[in-house]
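> Structure of the sequence below:
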Amino acid sequence: MENATNSISTIVFDLGGVLIDWDPRHLYKRIFTDEAGMEYFLEEICTQDWNAQQDAGRTLEEATNLLLDQHPQYVEEIKMYYGRWEEMLNGSIGETVDILRHLNDHTHYRLLALTNWSHQTFPRALELFDFLHWFEGVVVSGIEKLKKPDPALYKILFERYRFDPVQSLFVDDSLPNVEAAQALGMQALHFQDPKKLRDDLIGLNITL
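Numbering: from 1, shown residues only. Reported below is the predicted structural model:
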């Protein structure tokens, strides 16, 4: 990133883990009496790979029924994953939202979002988080039936909003997603915390 210039015209944000604090543990720490039991459930039953298929377009009903058939001893816990999905949201990541607010209110950059998110739960996120409406547009994996880091999803973003990836910056908390963006010509930042993001943006001559 040291050689990046101020030619950036479009900034693309990931949502979960960057602007929104989503973690199934926010819910399940209230359900399980011990941490080991919770971690086993999230690592072996309602896994990240299973959830990722919903981000790629599989319905919540199909996903839930699949696990109910496989793990009848966890019926109630499995149903909670989407039945109480909102309890996995611990609000926004306020300092990152502050950065987005400044970019929206005081700069000329086009602001877009590219998110791995179920098409069935994303409409509720739009109701819960006003700042999602600051974006010129949001590409949602579940709607497109593709998910990051598949290059095809990024290309949908480029084509729909007609911008040159070379003149764009991508922010995501997933390193594979960052690397996929870079392979397509985007400048990209691996989000770790809001302070580092602020420092990285300033390092790219983006005034905050």
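> Quickly find the element holding the residue nearest to residue 87 when sequence neighbours are not counted.
Leaving out its chain neighbours, the residue that sits closest to residue 87 by C-beta to C-beta, 6 or more residues apart in numbering is residue 27, at 4.3 Å. For the C-beta atoms, the positions are set from N, CA and C on the backbone; glycine is no exception. Using DSSP states H and E, residue 27 sits in helix 25-28.
> what does the next helix or strand after that helix contact?
Where DSSP H and E defines the elements, the next helix or strand beyond helix 25-28 is helix 35-44. Outside of helix 35-44, the residues within contact range by C-beta atoms under 8 Å, 6 or more residues apart in numbering are 24, 25, 28, 29, 31, 32, 74, 77.
> okay, now residue 36: neighbour count?
Using other C-beta atoms under 10 Å, residue 36 has 8 other residues around it.
> how about residue 147, what does it touch?
Residue 147 sits in contact with 52, 55, 56, 116, 141, 153, where contact means C-beta under 8 Å, 6+ apart.
> Which residue is the nearest non-sequential neighbour of the second one?
If the residues on either side of it in the chain are set aside, residue 55 comes closest to residue 116, at 4.1 Å by C-beta to C-beta, 6+ apart.
> gap between the one you found and residue 202?
28 Å (C-beta to C-beta, to the nearest Å).
> quick one: contacts of the longest helix seen in the chain?
Scanning the chain for the helix with the most residues, using DSSP state H, yields helix 94-106. Helix 94-106 has contacts (C-beta under 8 Å, 6+ apart) with 11, 13, 18-19, 109, 111, 131, 134, 191, 194-195, 197-198, 201, 206, 208.
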